[in-house]
Every structure is written in structure tokens, then in C-alpha cells.
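# how does the following fold in three dimensions:
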Amino acid sequence: MSDKVQADRSQMTQTYCNVMSIVRSEEEVLLEFGMRRVDEPGVVDVLQRIVMSVPHAYRVRDALMRNLGRPEDIMG
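Here you go, the predicted model:
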């Protein structure tokens, strides 16, 4: 059974990122999203950190795999 996801767009924010890092402990997975600085090469500003349980991270992985597919399937 899937939950119905509702989003109040007036409360949402959007952020573009070109860098992501993943840190995992036994109990949590941290995803950090950021932007490389143009004015300081090698420096990344972390804009958002998402913390989730390991089982939920596996569900995110599975959803990404279903939605993105394998590159060979998409590109031919």
C-alpha cells in the first residue's frame, strides 16, 4: 500500500545541487547536498542535509533504481 503524498507548494523550497555526499552509520544515512563554489575552487557549500533510517535509505535506493533504470535501458 502506498501513502498519498501531499505537498503544500507555498511551503516548499527548491534547491539546485551539483555535489552530494553520503555518510552512513549503523542506524542512519546522511545525504548532504551542496554547490561547488565558483569563486573558490575545491570548496563546496552544503545547502541541505537529509537524515534517514537505513531501511528507508534502501527504499529510496529502490525507488531511484525503478525511476532511473539502467543507463543501457534508457540510452540503448
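
# please count neighbours and contacts with C-alpha atoms only from this point.
Will do.

# quick check: buried residues in the longest helix anywhere in the chain?
Taking DSSP state H as the criterion, the chain has its longest helix at helix 54-68. For helix 54-68, burial by neighbour count (16 or more other Cα atoms under 10 Å) applies to Val54, Ala57.

# just the helices in the chain please.
With DSSP H, the ranges of helices along the chain come out as 54-68, 71-75.

# got a list of contacts for the longest one?
Contact partners of helix 54-68, identified using Cα atoms under 8 Å, 6 or more residues apart in numbering, comprise Glu26, Glu27, Glu28, Val29.

# got the CA coordinates for that helix in CSV?
This file holds the C-alpha atoms of helix 54-68, laid out as CSV (Å, rounded to 0.1, in the frame of the first residue of the first chain):
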residue,chain,number,x,y,z
VAL,A,54,18.9,2.7,6.9
PRO,A,55,15.8,0.8,5.9
HIS,A,56,14.3,4.0,4.5
ALA,A,57,17.5,4.6,2.6
TYR,A,58,17.1,1.2,1.0
ARG,A,59,13.6,2.1,-0.1
VAL,A,60,14.9,5.4,-1.6
ARG,A,61,17.6,3.4,-3.5
ASP,A,62,15.0,1.0,-4.9
ALA,A,63,12.7,3.9,-5.9
LEU,A,64,15.6,5.6,-7.7
MET,A,65,16.5,2.4,-9.5
ARG,A,66,12.9,1.9,-10.6
ASN,A,67,12.6,5.5,-11.8
LEU,A,68,16.0,6.0,-13.4
